[in-house]
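J.: Generate a structure from the sequence data that follows.
(2 chains)
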Amino acid sequence: MPLTESTGMKLNFRVVIFALAIIFGVVFSVPSLLQMKEGAKVNLGLDLQGGLHMLLGVKTEEAVNSKIKSIASSIKHFSEKNDILFEEIGIDDDTVSITLLDEDDIPHIQEFFNEIEGIAIQQNGLKFSIALTPENVILTQKQAIDQAIEVIRNRLDQFGLAEPTVARQGAEKILVQLPGIKSQDDEKRARELISRAAKLDLMAVDEERAARVDKMSDAEAAKYGDLILPDNAHPGIKYLVNEIPILDGSMLTNAQVGFDQNNRPVINFTLNSEGAQIFGDFTGKSVGKRLAIVLDGKVYSAPNINERIGGGSGQISGNYSVAEAQDLAIALRSGAILAPIYVMEKRSVGPSLGADSIEASMMALIGGFVLVIVFMIVYYRRAGIIANIALIANLFIILAVMALFGATLTLPGMAGIVLTVGMAVDANVIISERIRELLYQGVSIHKAIEQGYDNAMRAILDANITTLIAAVVLYAYGTGAIKGFAITISIGILASMLTAILGTHGIYQMLESRIAKDKDVKRWFGIKEAT
Amino acid sequence: MEFFKYTRTFNFMGSSKIAMVLSVVMVLASLALLLTKGLNYGVDFAGGTIVQVKYVGDAPIDTMRAKLKTTSLFHDATITEFGSPDEVIIRLKTSSKSVSNDIGDQAREVLQGTGDFEIRRVDMVGPKVGNELKEKGIMSMVLAIAGILIYVAFRFEWRFAVASVIALVHDVTIALGMISLFSIDVNLDVLAALLTILGYSLNDTIIVFDRIREGITDSKSTVLGEVINESVTKTLSRTTLTSLTTFFVVLTLFMFGGEIIHAFAFTMLVGVVVGTYSSIFVASPVLMLFGFDIKRYRKRLAEKAKLAAEKEKMRAQYEQGTV
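T.: Numbering: from 1, shown residues only, chains lettered A, B, ... in the order given. All right, here's what the predicted structure looks like:
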C-alpha cells in the first residue's frame, strides 16, 4: 500500500481492532450523548433523573383469609339457593364451619364441596369444617404476590407514567420503580394508587340488629356473624353488616367515572353474569332492606333496596374529586389487591436533586479526566498522548456497551467511571514504565516495545482480574445504585484491556519504524537519550 | 519527564520494622475506635428514614426543630445541615410501612409554614431490609476476600495470597477506623467504596508481587530481602504515578462530587493512601516474615523444568517408536 509506505506506518491487526472498537464506541454512544429519540440509550438511574423506588412486602396471610371468606360466601349462597337449612355459618381461624339442620342435605352439600378445589373438609355429625389444604395455602400466597404485581403493573400502566418497573424481587418482595416523577404530589398520588386495596364488597345490612349498632362491640357483632364498618365520609356513623359479603369485586367487569344528578363524580360499575345473577337473587329477596357498598372496609353508601335489581350494574358515590374518582376507577378496573402491601424500603429523589447530582458528578468526571490527561502528556510526552487516546476510547466504549445492554447509569456508577479513568491509565503507566526501563538498558525500540508489553501483561492481567472479582461480588450482592457502580467498573476494566493494552500496542507497532527513525526517545517516551 | 525515576535501590525491608510498628499501631487504634465509638450506621443498614429538605434561602433549623419536636413521630429526629446552609437532613430511627402516607408526606405537613421548601429526597429502609443489607454487605466482603485469596494463591503461591489478604484486612480496618473517627454515615455507598479499596489495594500489591515473582526467578541475589527491595524500587515510579493520578481523581470527586458522594469519596481517599502504603510496607514485609526460600524455590523450578524436559524426551522417543 502506497500510503503506509510513504508515512512509514504499518497497519496491524491490533490497530484495526482498536479502530473498530472506537467506531463501535462512538456510534453507540451518540444516541445517549445527544439524547436522541431513537437508538439504544443509557438509562439514567432514579438517583440521577429523580423518581421513586420502593420495595414492597405482601401480607400473604390476608390473602388466605380472604380466600376462605369467598369460599364461605359461595357456600352460603349455594345453601340459600338450594334451600339447605343450616343452623349457623361462620369463620374462625381460617376455617369455615357450617352446621346443617337436616341430615338429608348432607350428600347434596358434599357434592358441592367436591367441586371446590384445594380444601380439606372435616365432618362431625352435621357440622362441617372447611379449611384450605397446606398446598393451597402456599399456592394462594404465591398467587397473592403474582396478583399484586399484576395489579400494580396494570394500575401504573393506566396512570400514564413513562416506563414504570414492577418486578418480583426474591421470593416475596415486589420492586416498584417509577422514574421521572415531577413533584411530591405526583409521587403521593402514585403511591396512593398502588397501595389502594380497591376491595369492593357488596354486603347485606343486618336490619334485625342494626338499631343497636352504636352500643355493640366488635366481639358481640362477631357472635351474630356480623361486622361493624364505619361510614367513609362520616367515620362516626357505623353500619352493622353481615360478615360474609354477597359478592366482591372479583366479579366486576368494568368501572368508569360518571356524574350523578348533582354533577358530582361517581363510579359506575358493571358485574359479570355470575355476579349479576347473585346480585339479582339477593336484591329480589331483600326488598326493603339496605345494601352496603363497601370499599376497603368503609361503607360508601347503603341504599334501600326498592326492587329486584337485574342487569348487574351499580354506582359508588363518595365525596371525591374527579382525579380521585379516576384513580379509584383505575384501581377497581385493575382488580383488587387481595393481600395488603406494605413498604419495606423506599427511596425517592426529586428531579432537582437528580440534576444537581448529574452536574456535580460531571464536574468531578471532567476535572479528574483533564487532570489525568494533562499529567500523562507532561510526564510521558507522546506515549502519554497514545495512552490518552486509549482513555478517551475507553469512555466511549463504556457508554456504548451500557447503552447496548440498556444498563442504568447511577450516581455510584458515575463514580465508577471516574475511578475507571484513574485505574485505566494504570495499565499504560505500567507499560510505559516497562518500556522506559528497557530503553535505559539500551535495547532497540522494537524490542523495548514488544518486551515492555510482554513484561507488563502479566501484572496488568492479574491486577485487573482481582478488581473484576471484587466488582462481580458487588454486582451479585449489591442493590440498585450499587449495582450500577459494579457495572461501570466491570465494563471499564474489560474495555481498558481492549484500549489500554491491545489498542496502544497496535499504535506503537504502527509507529514503530517512525520512532526508530526518529531516535528521539525524549519526544516519544519522555526520557533522556538512552546511553 | 522522569520525575519519579529511582536509580538506586531503596532498602525498604530495612525500615520495615518501623512500618510494622506504625501499621500495628494504626490497626489497633482503628480497632479500639470501632469497639468504643463504633460505626455510625446510616439508614441503609440500621433502618430508619432520612428526609432531605432544601429551602429557598437558609434553612430555619431552629424553627424546624421546634416544630418537629411537637409531633410524636418526629420527636427524636435529628436535623443537620447537608452540604450548604439551605439544605438539611432530618434523620429518624423509625420507618413507616404505609405506602400511601409516608414519613416524607408527614414531614411536609409538619414543616408547613417554615418557609419555601422542597423535599428532595426520602430514603426509608425498614428493619428487615436493613438487616438483610447488612448481612449481604458482610457476605460480599467475605466473598470478595475469599475470591481474591483463591485467585492469588492460584496465580502466585499461598504465601503471596496470605500476605496480600493481610494487607487488605489492614487497609479495610484502617479505613473503617477513619470512618468511625470522622463519624461518616455508613451506607451502601461506603460499602461499595470499601470493596473498591479491596480491588485497588490489591491492584497495587499484585503489581509489586509480580515484580517479586519475576525477581525470585531472575534476580542475581538469592536473599529475599534484597529481591524485594529491588522489586519494590523498580515498581516505585509506577506506584507513585498511579497512586497520584488516582488520588487526584478521587480528590476531585471528593471536592466537586457533591454532598451525596462525599462519604464514598472520603472512604476512597483513605483507601488510596493506605492501599499504596500497604502494598509496599505491609504486604512485602509479611512475605518476608513467612520466610520464602528463594534457593529452594529455584531448585524446585529447575527440577520441574528437568522433569518436563524428560517427559518431553520420553514422548519424543515414544512417538518415534524407540521405546
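J.: Quick check: the residue of the stretch 51-200 of chain B nearest chain A.
T.: Using C-beta to the nearest C-beta, the closest approach of the stretch 51-200 of chain B to chain A is made by residue B:99 at 3.3 Å. All C-beta spots, glycine's among them, are computed from the backbone N, C-alpha and C.
J.: isn't that residue right up against residue A:342?
T.: Yes: at 6.7 Å, residue B:99 counts as touching residue A:342 under the criterion of C-beta atoms under 8 Å.
J.: Between these two, point out the one with more neighbours.
T.: A count of neighbours by other C-beta atoms under 10 Å in any protein chain shown puts residue B:99 above the other of residue B:99 and residue A:342, at 21 against 14.
J.: Could you pull up the residues touching the more buried one?
T.: Residue B:99 makes contacts with A:54, A:56, A:191-192, A:194-195, A:341-343, as judged by C-beta atoms under 8 Å, 6 or more residues apart in numbering or on different chains.
J.: which SS class is the residue in the stretch 351-500 of chain A that chain B sits nearest to?
T.: Distance from chain B to each residue of the stretch 351-500 of chain A (C-beta to the nearest C-beta) is smallest for residue A:360, at 3.2 Å. Three-state secondary structure (criterion: DSSP: H, G, I helix; E, B strand; the rest coil) places residue A:360 in helix.
J.: what secondary structure does residue A:131 sit in?
T.: In terms of secondary structure, residue A:131 is strand; the call rests on three-state DSSP.
J.: Count the neighbours of it for me.
T.: Each residue near residue A:131 was counted by other C-beta under 10 Å, and the total is 19.
J.: again with the one 10 residues further on
T.: The criterion is other C-beta under 10 Å. On that basis, residue A:141 has 20 neighbouring residues.
J.: Skipping adjacent residues, who's closest to it in space?
T.: Once its chain neighbours are removed from consideration, residue A:141 has its nearest residue in residue A:60; the separation is 3.8 Å (C-beta to C-beta, 6 or more residues apart in numbering or on different chains).
J.: wait, doesn't that neighbour sit right on residue A:144?
T.: Yes: Residue A:60 is in contact with residue A:144 according to C-beta under 8 Å; the separation is 4.9 Å.
J.: for residue 84, phi and psi?
T.: By default, I'm working from chain A. The phi and psi torsions at residue A:84 (degrees, to the nearest 10) take the values phi -90, psi 120.
J.: Switch to chain B, please.
T.: Geometry field for residue B:84 lists phi and psi as phi -140, psi 160, criterion degrees, to the nearest 10.
J.: Equivalent analysis for residue B:267, please.
T.: Backbone geometry at residue B:267, expressed as degrees, to the nearest 10, gives phi -60, psi -40.
J.: can you pull the contacts of it?
T.: With the criterion set at C-beta under 8 Å, 6+ apart, residue B:267 makes contact with B:175, B:178-179, B:184, B:190, B:193-194, B:197.
J.: Got a quick ChimeraX command for the buried subset of those?
T.: Restricted to buried positions by 16 or more other C-beta atoms under 10 Å in any protein chain shown, the ChimeraX selection for those reads:
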select /B:175,178,179,184,190,193,194,197
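J.: Of the contacts of residue B:267, which pair is most distant in space?
T.: B:184 and B:197 (13.8 Å; C-beta to C-beta).
J.: From residue B:111, how far out is residue A:337?
T.: When C-beta to C-beta, to the nearest Å is applied, the distance between residue A:337 and residue B:111 equals 31 Å.
J.: anything in the longest helix seen in chain B near chain A?
T.: Looking across chain B with DSSP state H, the single longest helix is helix B:224-256. Yes: counting by C-beta under 8 Å from any C-beta of the partner chain, chain A has neighbours in helix B:224-256: B:234-235, B:237-238, B:241-242, B:244-246, B:248-250, B:252-253, B:255-256.
J.: For residue A:501, give me its contacts.
T.: Residue A:501 makes contact with A:427, A:431, A:453, A:457, A:460 under the criterion C-beta under 8 Å, 6+ apart.
J.: Now do the shared contacts for residue B:99 and residue A:342.
T.: Listed contacts common to residue B:99 and residue A:342 are residue A:56; contacts here mean C-beta under 8 Å, 6+ apart.
J.: before we move on, back to that, among the contacts of residue A:501, which two are most distant?
T.: Checking the contacts of residue A:501 with C-beta to C-beta, the most distant pair is A:427 and A:453, at 10.4 Å.
J.: neighbour count winner among those two?
T.: More neighbours sit around residue A:427 than around the other of residue A:427 and residue A:453, counting by other C-beta under 10 Å; the figures are 27 against 20.
J.: Ignoring the adjacent residues along the chain, who's closest to the more buried one?
T.: Here the residue nearest residue A:427, using C-beta to C-beta, 6+ apart, is residue A:500, at 3.9 Å.
J.: Next one: the one you found relative to residue B:204, how far apart?
T.: From residue A:500 over to residue B:204 the distance is 17 Å, taken as C-beta to C-beta.
J.: Which strand residues bridge residue A:99?
T.: With DSSP bridges as the criterion, the beta-bridge partners of residue A:99 are residue A:88, residue A:127.
J.: List the contacts of it.
T.: Shown here is residue A:99, whose contacts under the criterion C-beta under 8 Å, 6+ apart are A:86-89, A:126-128.
J.: pLDDT score for it?
T.: Here, the pLDDT recorded for residue A:99 equals 87.
J.: Could you list every helix and strand in contact with the one helix or strand residue A:392 maps to?
T.: In this assignment (DSSP states H and E), residue A:392 forms part of helix A:382-405. If you count contacts as 3 or more C-beta pairs under 8 Å, 6 or more residues apart in numbering or on different chains; DSSP states H and E, helix A:382-405 packs onto helix A:13-33, helix A:351-380, helix A:411-440, helix A:480-496, helix A:504-518, helix A:521-525.
J.: possible to save those as CSV with mean pLDDT and distance to residue B:63?
T.: Shown next, in CSV, are the helices and strands packed on helix A:382-405 (pLDDT from 0 to 100; distance: least, C-beta to C-beta, whole Å):
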stretch, mean pLDDT, distance to residue B:63
helix A:13-33, 90, 44
helix A:351-380, 86, 23
helix A:411-440, 84, 31
helix A:480-496, 85, 33
helix A:504-518, 85, 60
helix A:521-525, 76, 64
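J.: Mind putting these into a markdown table with distance to residue A:242?
T.: Formatted as a markdown table, the helices and strands packed on helix A:382-405 follow (distance: least, C-beta to C-beta, whole Å):
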| stretch | distance to residue A:242 |
| --- | --- |
| helix A:13-33 | 60 |
| helix A:351-380 | 49 |
| helix A:411-440 | 55 |
| helix A:480-496 | 47 |
| helix A:504-518 | 81 |
| helix A:521-525 | 91 |
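J.: Which of those sits closest to residue B:295?
T.: Using C-beta to C-beta as the measure, helix A:411-440 is the one of the helices and strands packed on helix A:382-405 that comes nearest residue B:295, at 26.3 Å.
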